[in-house]
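In: Dropping the sequence and predicted coords here.
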Amino acid sequence: MRINTFVTSVAFAVMASAGFAQSINPGVAQLAAQAGVNPANYSQAQIVELINAQRDNDSTTVNAILAQGKSGVTASTASQPSTGNVQLARLAGVAPGQYTNAELSQLVDAQRDGDAETVAFILNHGNRDTTESATNAGRLQLASIAGVNAADYTLSQLTDMTASD
């Protein structure tokens with residue numbers, strides 16, 4: 001009886017610690033410790049941006065991130081950009097919802113590094129080719145697999161051709 005109770009107690013302790021460990025990622029906890037904040041109050045992106053701002057002695061960004069915490073997080077809807085997108089857009093000095101989070105992150109990095117060429121490329125949406133006839137490496141590869149000319153087919157048609165093989 002004592003052994004069963006002991007085993008059950010150990011099992012519950014292990015499960016409880018596993019549940020606690022999942023609530024805050026150890027990597028995020030370490031970053032938060034480096035930034036000097038509570039990991040439960042900030043997202044990983046906020047903590048990383050805070051560390052970068054602290055490193056760059058950017059008190060405006062540091063204060064903005066510290067003021068936001070998790071209190072500014074709201075549910076995003078299709079009609080409004082996510083909170084993370086809004087934060088990145090503010091850091092980049094552009095309108096929220098006009099750029100993807102990846103573009104905004106690249107833009108902030110390029111601005112911080114003084115890379116005017118990359119900043120202009122992203123601001124002009126040079127990385128986006130919205131024409132259906134755009135031929136990129138992926139389309140060329142699909143066309144090669146299907147044995148056709150990439151310019152003669154849409155991406156959807158090329159995908160269908162290669163999926164049936």
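Out: Right, received. Where do you want to start?
In: Burial check on residue 145, number of neighbours?
Out: Per other C-beta atoms under 10 Å, the neighbour tally for residue 145 reads 12. In short, each C-beta sits where N, CA and C put it, glycine included.
In: Does it belong to a helix, a strand or coil?
Out: Following DSSP: H, G, I helix; E, B strand; the rest coil, residue 145 is assigned to helix.
In: how close does the residue found closest to it once you drop the neighbours it is linked to in the chain get to residue 151?
Out: What sits nearest to residue 145 in space, not counting adjacent residues and going by C-beta to C-beta, 6 or more residues apart in numbering, is residue 162, at 4.9 Å. Per C-beta to C-beta, to the nearest Å, residue 162 is found 16 Å from residue 151.
In: and those two? which has more neighbours close in?
Out: The residue with more neighbours, out of residue 162 and residue 151, is residue 162; 15 against 11, by other C-beta under 10 Å.
In: Can you verify my assumption that that one contacts residue 146?
Out: Yes - using C-beta atoms under 8 Å, residue 162 is in contact with residue 146, at 5.4 Å.
In: what about residue 69, neighbour count?
Out: Residue 69: 15 neighbours (other C-beta under 10 Å).
In: show me the contacts for it.
Out: 41-42, 46 (C-beta atoms under 8 Å, 6 or more residues apart in numbering).
In: Could I get the pLDDT score of it?
Out: Confidence at residue 69, expressed as pLDDT, is 71.
In: before we move on, what about the one 4 residues further on?
Out: With respect to pLDDT, residue 73 has a value of 42.
In: residue ranges of the strands in this structure, please?
Out: For the chain, strands defined by DSSP state E do not occur.
In: just the helices in it please.
Out: 2-23, 26-35, 44-55, 59-68, 83-92, 101-113, 116-123, 137-146, 155-163 (DSSP state H).
In: any residues touching the last one, and which ones?
Out: Contacts made with helix 155-163 from outside it, assessed by C-beta under 8 Å, 6+ apart, are listed as 132, 138-139, 142-143, 145-146, 148, 150, 153.
In: Just the C-alphas of it, formatted as PDB.
Out: C-alpha atoms of helix 155-163 as PDB (Å, rounded to 0.1, in the frame of the first residue of the first chain):
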ATOM      1  CA  LEU A 155       1.100  27.700 -60.700                       C
ATOM      2  CA  SER A 156      -2.000  25.800 -59.900                       C
ATOM      3  CA  GLN A 157      -1.900  23.900 -63.200                       C
ATOM      4  CA  LEU A 158       1.800  23.100 -62.700                       C
ATOM      5  CA  THR A 159       1.100  21.800 -59.200                       C
ATOM      6  CA  ASP A 160      -1.700  19.600 -60.500                       C
ATOM      7  CA  MET A 161       0.500  18.200 -63.200                       C
ATOM      8  CA  THR A 162       3.200  17.200 -60.800                       C
ATOM      9  CA  ALA A 163       0.900  15.900 -58.100                       C
END
